[in-house]
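Take this sequence and fold it.
(2 chains)
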Amino acid sequence: MVIFSVYVVNKAGGLIYQYDNYVPRAEAEKTFSYPLDLVLKNHDEKVVVSFGQRDGIRVGHAVLSINGVDVQGKNTADGKDTLEYLKDPANYPVSIRFGRARLSSNEKLMLASMFHSLFAIGSQLSPDVGSSGIEMLETDVFKLHCFQTLTGQCELFDQNLKGALEIAEKAGNFGAGS
Amino acid sequence: MTVHNLYIFDRNGSCLYYNEWNRKKQAGISKDEEFKLMYGMLFSIRSFVSKMSPLDMYPSQARPVSACLPVCLSACLCLSACLCLPPCQSVVLSSLSVLRKEGFMSFQTSKYRLHYYETPSGLRFVMNTDLSVPNARETLQHIYSSLYVEYIVKNPVCVLGQSLDSELFSSRLDSFIRGLPFYSPRAA
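Alright, predicted model coming up:
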């Protein structure tokens, strides 16, 4: 069992603690020539792939670095706009690293509050009396467990459910750090 | 072991069908509001899951080793499948053989479990059962393929996108639900 991350949310829905134990990052670095066959767009202060898929690069992946230098939000390390930079044929061939964007602290705060509301709605829409909020949420790649203490603070953590095709053994049962 | 209720939503969020079998507590709001709240909650859960998911929601061709390591858990699932119900096992096998994006599948609270299935055309099936039902995904898939497609889509009188008022569909769905192995008429 692998624990990905732990979030501790207070009664009001605000994130008070967050710990990333293991964050698998699927990244792909490729060298491209002009014109770029992926369509990129600005989204939430990041440049993401909006259309096009090749070699492990998927829709939703963000541009992580250009020519080995990490990008700063929408701009390259030099401060130039990334999309403008990639429109200029003089800059090619260019090596770009794509991957799942890391969550910023702000996004984590938003996700924690979002979960808090979903937890409450789950209890309200219950077809049975006396239901708590969401205790376990299951997707095909991870499981999210939520524990509500008597004082009303809610602790969530992700846990992986299914993997990919290659078998890789790794024993890991890390306790939640708090 | 029981099924509480079933919702069918279309891709725009309107509730096409709702029926309940063993519901003990109403939501305290009107049905329309409840449908909107349910749809909104599911929409938010899906976007929450896609943002929070540590891995891509669909496996890629050449997965880096670091991203596929948690398969040790699927090995554990295989072992525990002997003890658990067969659907668990088929879910594990299907994950290894069928590369299909599923995303959010179900959640559970202390009293009920909500199962979710979305078709590629955007139709959403939501079923609330009690906690003893581990995975109703195949049930929902069956409802879609054998009941919805057969009695609604192939029905020239039924207009897709509007409320499903086919009596044949309702009665077949009702008898299917009552015939499910995890449905018992006596409320627990």
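
where in the chain is pLDDT low?
As the question left the chain open, I've gone with chain A. Of all residues in chain A, those with pLDDT under 70 make up the ranges A:158-178.

right idea, wrong chain: chain B
In chain B (pLDDT under 70), the answer is B:57-101, B:185-188.

What segments of it are helices?
In chain B, the helices defined using DSSP state H lie at B:31-52, B:65-68, B:71-81, B:86-97, B:137-142, B:167-178.

Quick one: list the elements packing against the first one.
Here helix B:31-52 touches helix A:105-124, strand A:136-139, strand B:3-9, strand B:15-20, strand B:104-108, strand B:124-129, going by 3 or more C-beta pairs under 8 Å, 6 or more residues apart in numbering or on different chains; DSSP states H and E. Every residue, glycine included, has its C-beta placed from N, CA and C.

residue furthest from the geometric center of chain A?
Distance from the C-alpha centroid of chain A, by C-alpha atoms, centre = their mean, peaks at residue A:129 (34.8 Å).

That one looks like it's in a helix, true?
No: counting by DSSP: H, G, I helix; E, B strand; the rest coil, one finds residue A:129 to be coil, located in no helix.

Provide the backbone phi and psi angles at it.
phi -80, psi 150 (degrees, to the nearest 10).

what about the helices in chain A?
Using DSSP H, helices in chain A cover A:82-87, A:105-124.

Which of those helices sits closest to chain B?
Evaluated with C-beta to the nearest C-beta, those place helix A:105-124 nearest to chain B, the distance being 4.7 Å.

any idea of the angle that closest one forms with helix B:31-52?
If you take axes from the mean of the first three to the mean of the last three C-alpha atoms, to 10 degrees, helix A:105-124 sits at 150 degrees to helix B:31-52.

buried residues in helix A:105-124?
Across helix A:105-124, burial judged by 16 or more other C-beta atoms under 10 Å in any protein chain shown covers A:108-109, A:111-112, A:114-116, A:118-119, A:121-123.

Columns distance to residue B:105 on top of those residues, output as CSV?
What follows is the buried residues of helix A:105-124, written out as CSV (distance: C-beta to C-beta, whole Å):
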residue, distance to residue B:105
A:108, 23
A:109, 26
A:111, 19
A:112, 22
A:114, 19
A:115, 17
A:116, 21
A:118, 15
A:119, 18
A:121, 18
A:122, 15
A:123, 20
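
Adding distance to chain B, write those residues out as JSON lines.
Output for the buried residues of helix A:105-124, formatted as JSON lines (distance: C-beta to the nearest C-beta, whole Å):
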{"residue": "A:108", "distance to chain B": "9"}
{"residue": "A:109", "distance to chain B": "12"}
{"residue": "A:111", "distance to chain B": "6"}
{"residue": "A:112", "distance to chain B": "10"}
{"residue": "A:114", "distance to chain B": "5"}
{"residue": "A:115", "distance to chain B": "6"}
{"residue": "A:116", "distance to chain B": "11"}
{"residue": "A:118", "distance to chain B": "6"}
{"residue": "A:119", "distance to chain B": "9"}
{"residue": "A:121", "distance to chain B": "5"}
{"residue": "A:122", "distance to chain B": "6"}
{"residue": "A:123", "distance to chain B": "7"}
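
of all the residues you listed, which two lie farthest apart?
Of all pairs drawn from the buried residues of helix A:105-124, the widest gap by C-beta to C-beta lies between A:108 and A:123 and measures 23.2 Å.

now the strands for chain A?
For chain A, the strands defined by DSSP state E occupy A:3-9, A:15-20, A:27-32, A:39-43, A:46-51, A:62-66, A:69-70, A:94-99, A:136-139, A:142-148, A:154-160.

Tell me which of those approaches residue B:171 most closely.
Across the strands of chain A, closest to residue B:171 is strand A:136-139 (C-beta to C-beta), at 31.9 Å.

That closest one packs against which elements?
strand A:142-148, helix B:31-52, strand B:104-108.

contacting residues for residue A:122?
Shown in contact with residue A:122 (C-beta atoms under 8 Å, 6 or more residues apart in numbering or on different chains): A:131, A:133-134, B:41, B:107, B:109, B:114.

Can you select the buried ones among those for me in PyMOL?
Only the buried entries of the contacts of residue A:122 go into this PyMOL selection, using 16+ other C-beta under 10 Å:
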select buried, (chain A and resi 131+133+134) or (chain B and resi 41+107+109+114)
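
Just put the contacts of residue A:122 in a markdown table and tack on distance to residue B:139.
A markdown table is the format used below for the contacts of residue A:122 (distance: C-beta to C-beta, whole Å):
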| residue | distance to residue B:139 |
| --- | --- |
| A:131 | 21 |
| A:133 | 25 |
| A:134 | 21 |
| B:41 | 21 |
| B:107 | 17 |
| B:109 | 20 |
| B:114 | 13 |
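
Wait, residue A:98 touches residue A:28, no?
Yes: with contact defined as C-beta atoms under 8 Å, residue A:98 reaches residue A:28; the gap is 5.4 Å.
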